[in-house]
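Enquirer: Based on what follows, work out the 3D shape:
(chains A and B)
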Protein chains: 2
Amino acid sequence: MTNPATPEFLDRLRAGLPEGRVRVPEKRYLEEPRGRFAGQAAAVVMPGSTEEVAATVRMAAEAGVGIVPYGGGTGLVGGQISPDAPAPIIVSLERMSAIRGVWPEENVLIAEAGAIVAHIQEAAEAVGRLFPLSYGAEGTARIGGALAVNSGGVNVLRYGNARELCLGIEAVLPDGRILHGLRRLRKDNTGYDIRNLIIGAEGTLGIITAASLRLFPRPARIGTALFAVRDPAAALSLLARARDRVGEGVTAFELLSGTGLGFLDEVGMGLRQPFDPIPEWVLLIDLGLPPSLDPDAELEAIFTEGFEAGEVTDGLIAQSGQQRADFWRLREAVPEANRKIGAVASHDVSLPLSAIPAFLRRAEAALLALAPLRINAFGHLGDGNVHYNVYPPKGVRARDLGDLRERVSDTVHDLIHEMDGSFSAEHGVGRLKVHDLELYGDPVRLDLMRQIKDLLDPKGIMNPGAVLRPRQ
Amino acid sequence: MTNPATPEFLDRLRAGLPEGRVRVPEKRYLEEPRGRFAGQAAAVVMPGSTEEVAATVRMAAEAGVGIVPYGGGTGLVGGQISPDAPAPIIVSLERMSAIRGVWPEENVLIAEAGAIVAHIQEAAEAVGRLFPLSYGAEGTARIGGALAVNSGGVNVLRYGNARELCLGIEAVLPDGRILHGLRRLRKDNTGYDIRNLIIGAEGTLGIITAASLRLFPRPARIGTALFAVRDPAAALSLLARARDRVGEGVTAFELLSGTGLGFLDEVGMGLRQPFDPIPEWVLLIDLGLPPSLDPDAELEAIFTEGFEAGEVTDGLIAQSGQQRADFWRLREAVPEANRKIGAVASHDVSLPLSAIPAFLRRAEAALLALAPLRINAFGHLGDGNVHYNVYPPKGVRARDLGDLRERVSDTVHDLIHEMDGSFSAEHGVGRLKVHDLELYGDPVRLDLMRQIKDLLDPKGIMNPGAVLRPRQ
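Expert: Residues are numbered from 1 along each chain as shown, chains lettered A, B, ... in the order given. From the prediction side, this is the model:
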């Protein structure tokens, strides 16, 4: 149990930091995108340097006051927001947004934790390189938060999760000490992997203050296609075909459902449907290829092979940058339309790739036995990561169905567990899925997590209530 | 400090395991490839299952007896061998060598820790897939050991280190509990990254008993070339050119030195020199490309660009599988020739890519100021990983130079540290580099490592003396 941030404590904070660093929290710090949690905070601290983060953490540790580390606030599982008393302080990294250095010849960039993901992409592009971390919230999300939750996104198939894009971190530990690990090395086998322990710990083991990141050559030629596919099994066959043809050149392999495409019309997003009638399943495929390969020719070849095998029924290859953007706009509009429809429950699950078709069949059957629900399953098929979202019938609001959320989520997560999947593929545990972790996690692993948390953060001040239930 | 393995303890082990599991150690378990350490062991235990590993560890933990986990015995830093009293028991995973399953459509394979790396490569090839972990010792090294030290090798540039090739592990913790984590998922953000904590810990935090591994599509077309380059800076330029042309298609990018090629003649390896006279620096480049790309045409284009820029002076593109094998045989013969020459000191260092040319210049100048030494710098240039080995002049034996080893290694490692490099890129810390870790490691990180070791293994029984100095 943490201590309240007393006026005396806040005075000490103000005295120990430069003018203006400690503020009254604006409303935006106490809200999160899905509106499931309402936050509390005694103050927002905005350090301007790693040393200021360290000073803040030292003072909080001494007083036993909780800290919620804050990046862009885009997390979907409540990791950035504490609804519990006593109100913690928020430590926002937003002032620490510098790109500390770029080494294009090494494919390395070092950014402070508050750097916005899209700005890092731009800094890489400015030197002819690619920073491939990419997802809907990239214009707001900050790299420290992205690493804290090990963000995924649309390019994981080719380039890996945020974890794989990080060569080293600088972080402030729960006792205020600074871990110096901003290395620009591809190989460094000198002891335990502390970096990866802090990455993905969602701010419960320390605050990442800067990161050394991997860049990549920019693929010379890009191609984008929408393929209507027979079913999810056919989509997986097509993935294998695409990878056989162009190897790592498959940058994104996204699944869209007919239900999700229908939502775009239902809520009036004003986007033109690519196929008429709307197919049950559509793939959005991005290829990024070397100069000697023609992406359109490769996409046509993949289409032809898939068509002859009965996997693909229709297809469109983008003929211009505009059309490419339009195709991607469809994908990006799906979460917006989802929000307007209003979900009964949303899930971010992953499965062994070959289990996906059976999961989709079995989950649908189980949910339809509960109520006449609509399912929009979409996402990063190439990674086995499906956003499995459940909606009321057309014209019915989620809240009118009574309290189905828990039964729906239990049904989905039980099935995922039975099929060796994960209840959180890329969003993390946050506060939303603490119970799921307790229910489905390997008990030995959970015990190790608890031991490590108690070791590094004996007072439980770092993001209390996220990932692990606070000790009472 | 661990306890001796008393006759009573060994009797208990024998009684608690099936017949024949506890043996007198053959000599091979007490030797290591570089002959720097002479091992001690009270017994070798050869468990046939994860449960037997767990039972062994439980009994050892209860008695406070040290355990040295043993894979293929190919480690180069003494991680697999304990010279210290009291003699530990060796737990060899060699009987646990099964491939538990292969899922080609998922690009996943699950192997027991004792599976030999080359056998895993073969199991992947049998289903048309690639397991890319590849290095000289692959015919003897076992996957558990490879993960314990986070092995690198010749394909890291494209596919990553052993760590990046692992989706999940099963392991026995120092208290004998079994961690169940053999997942086939690409994304799983459900709490702390315990897997990566145990990978790379060199058997000091537990024994890996099985691993879920990533496979890849096999590149359809392969090309191999030897390019003589002006200097290391030119080699790095050429790497950028190659990656701009074929992206991830650059599978290996190995540096050979004229000194190393000369060693092949000097010790009479009976290999034909590809260039006459022997150039100062040679690159061995492997491309693995999709069916629509011609590797020889790409290699020619890279050569032409590099030649016009003055980076490449001569080149050979393999015209047959035999010639390709011959090129690689040169690379693989270098460590053999090195052993025959007899090194004063060997180093496995990594650097930020752009620092390599300056490092090579500065290190050579510093060493030549010590003695008339010969330097063979070779290895995985694409990863910034150089095997920097130092030899006596021709006709002089290393031992005749007096005790130069320490001064040479201190000179090299001090410079590496100054230039933000690592004193162990891919070999690990083992027992050989414990002092280097203490000297060069970030103190905060070292303290965390020590705390985590004491937390998981309070009696210090797991590979005592490796990575961290044993508590007295």
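
Enquirer: Need the residue closest to the centroid of chain A.
Expert: A:S151 (3.7 Å; C-alpha atoms, centre = their mean).

Enquirer: tell me the contacts of it?
Expert: Residues counted as contacts of A:S151 (C-beta atoms under 8 Å, 6 or more residues apart in numbering or on different chains) are A:133, A:135, A:141, A:145, A:161-162, A:426. Yep, even glycine has a C-beta here, placed from its N, CA and C like the rest.

Enquirer: from the residues you listed, which are also near chain B?
Expert: A:161, A:426 (C-beta under 8 Å from any C-beta of the partner chain).

Enquirer: Just the ones of the contacts of A:S151 in helices?
Expert: Judged by DSSP state H, the subset of the contacts of A:S151 located in helices is A:G145.

Enquirer: Just give me the closest of the contacts of A:S151 to chain B.
Expert: A:E426 (5.3 Å; C-beta to the nearest C-beta).

Enquirer: and that closest one, how many neighbours?
Expert: Number of residues near A:E426 (other C-beta atoms under 10 Å in any protein chain shown) recorded here: 26.

Enquirer: How far off centre is the helix or strand hosting A:A225?
Expert: Using DSSP states H and E, A:A225 falls within strand A:221-229. Here the centre of strand A:221-229 is set off from its chain's centre by 23 Å, with C-alpha atoms, centre = their mean, to the nearest Å.

Enquirer: And for it, what's in contact with it?
Expert: Strand A:221-229 is contacted by residues A:235, A:238, A:274-275, A:279, A:281-291, A:293-296, A:298-299, A:303, A:306, A:311-318, A:323-324, A:327-328, A:330 when judged by C-beta under 8 Å, 6+ apart.

Enquirer: Can you say which of the contacts of A:S151 are buried?
Expert: The neighbour-count criterion (16 or more other C-beta atoms under 10 Å in any protein chain shown) marks A:133, A:135, A:141, A:145, A:161-162, A:426 among the contacts of A:S151 as buried.

Enquirer: CA atoms only for stretch A:9-16 - export them in PDB, please.
Expert: These are the backbone C-alpha positions of stretch A:9-16, laid out as PDB (Å, rounded to 0.1, in the frame of the first residue of the first chain):
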ATOM      1  CA  PHE A   9       5.600  15.900  -0.100                       C
ATOM      2  CA  LEU A  10       4.400  18.000  -3.000                       C
ATOM      3  CA  ASP A  11       6.300  20.900  -1.500                       C
ATOM      4  CA  ARG A  12       9.400  18.900  -1.300                       C
ATOM      5  CA  LEU A  13       9.000  17.800  -4.900                       C
ATOM      6  CA  ARG A  14       8.600  21.400  -6.000                       C
ATOM      7  CA  ALA A  15      11.600  22.500  -4.000                       C
ATOM      8  CA  GLY A  16      13.700  19.600  -5.400                       C
END
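
Enquirer: can you list contacts of that stretch?
Expert: Here stretch A:9-16 has contacts from A:21-22, A:42-43, A:45, A:55-56, A:59, A:63, A:65, A:89, using C-beta under 8 Å, 6+ apart.

Enquirer: if I look at the residue nearest to the centre of chain A, how far off is A:I143?
Expert: 9 Å (C-beta to C-beta, to the nearest Å).

Enquirer: what's the overlap in contacts for these two?
Expert: A:L133.

Enquirer: The nearest residue to A:P274 once chain neighbours are set aside pairs with what?
Expert: Excluding its sequence neighbours, the residue lying closest to A:P274 (C-beta to C-beta, 6 or more residues apart in numbering or on different chains) is A:L226, at 5.1 Å. Beta-bridge partners of A:L226, counted by DSSP bridges, are A:L284, A:L316.

Enquirer: Point out the other helices and strands that the longest helix along chain A packs with.
Expert: As assigned by DSSP H, the longest helix anywhere in chain A is helix A:321-341. Judged by 3 or more C-beta pairs under 8 Å, 6 or more residues apart in numbering or on different chains; DSSP states H and E, the packing partners of helix A:321-341 are strand A:221-229, strand A:250-257, helix A:258-266, strand A:281-289, strand A:374-380, strand A:385-391.

Enquirer: In TSV, list the ones you listed along with mean neighbour count and mean pLDDT.
Expert: Converted to TSV, these look like this (neighbours: other C-beta atoms under 10 Å in any protein chain shown; pLDDT from 0 to 100):
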stretch	mean neighbour count	mean pLDDT
strand A:221-229	22	98
strand A:250-257	25	97
helix A:258-266	20	98
strand A:281-289	26	98
strand A:374-380	24	97
strand A:385-391	26	98
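
Enquirer: neighbours around the residue nearest to A:S350 when sequence neighbours are not counted, how many?
Expert: Of all residues beyond its chain neighbours, the one nearest A:S350 is A:A425 (3.6 Å), with distances taken as C-beta to C-beta, 6+ apart. When neighbours are counted by other C-beta under 10 Å, A:A425 registers 29.

Enquirer: List the buried residues in stretch A:293-310.
Expert: Buried residues in stretch A:293-310 (16+ other C-beta under 10 Å): A:293, A:295, A:298-299, A:301-303, A:305-306.

Enquirer: ok, the buried ones among the contacts of A:S151 vs B:E418, which is closest?
Expert: Nearest to B:E418 among those: A:A162, at 30.5 Å, using C-beta to C-beta.

Enquirer: how far away is that closest one from B:R186?
Expert: Relative to B:R186, A:A162 is positioned 13 Å away (C-beta to C-beta).

Enquirer: Shouldn't A:P458 be within a strand?
Expert: No. Looking at A:P458 with DSSP: H, G, I helix; E, B strand; the rest coil, it is coil, so not inside a strand.

Enquirer: That one and chain B, how far apart?
Expert: Noted for A:P458: a distance of 11 Å to chain B, by C-beta to the nearest C-beta, to the nearest Å.

Enquirer: again with A:R361
Expert: Distance, A:R361 to chain B, using C-beta to the nearest C-beta: 17 Å.

Enquirer: Over to A:G181?
Expert: Separation of A:G181 from chain B (C-beta to the nearest C-beta): 6 Å.

Enquirer: Who are the contact partners of that residue?
Expert: A:168-171, A:194-195, A:212, B:442, B:445.

Enquirer: how about the residues of the stretch 1-150 of chain A near chain B?
Expert: With C-beta under 8 Å from any C-beta as the criterion, the stretch 1-150 of chain A meets chain B at residues A:103, A:105-108, A:149-150.

Enquirer: now, which of the residues you listed lie within helices?
Expert: Reading helices off these, I find no matches (DSSP H).

Enquirer: show me the residues around the closest residue to A:E164 other than its chain neighbours that make contact.
Expert: Closest residue in space to A:E164, ignoring its immediate chain neighbours: B:E164 at 6.6 Å, by C-beta to C-beta, 6+ apart. The neighbours of B:E164, taking C-beta under 8 Å, 6+ apart as the test, are A:160, A:164, B:214.

Enquirer: wait, isn't A:A309 in contact with A:A233?
Expert: No. Checked against C-beta atoms under 8 Å, the pair A:A309 and A:A233 is beyond contact range at 11.4 Å.

Enquirer: Please say whether there is contact between stretch A:194-209 and chain B.
Expert: Yes. Counting by C-beta under 8 Å from any C-beta, contacts between stretch A:194-209 and chain B involve A:194, A:196-197, A:199-201, A:205.
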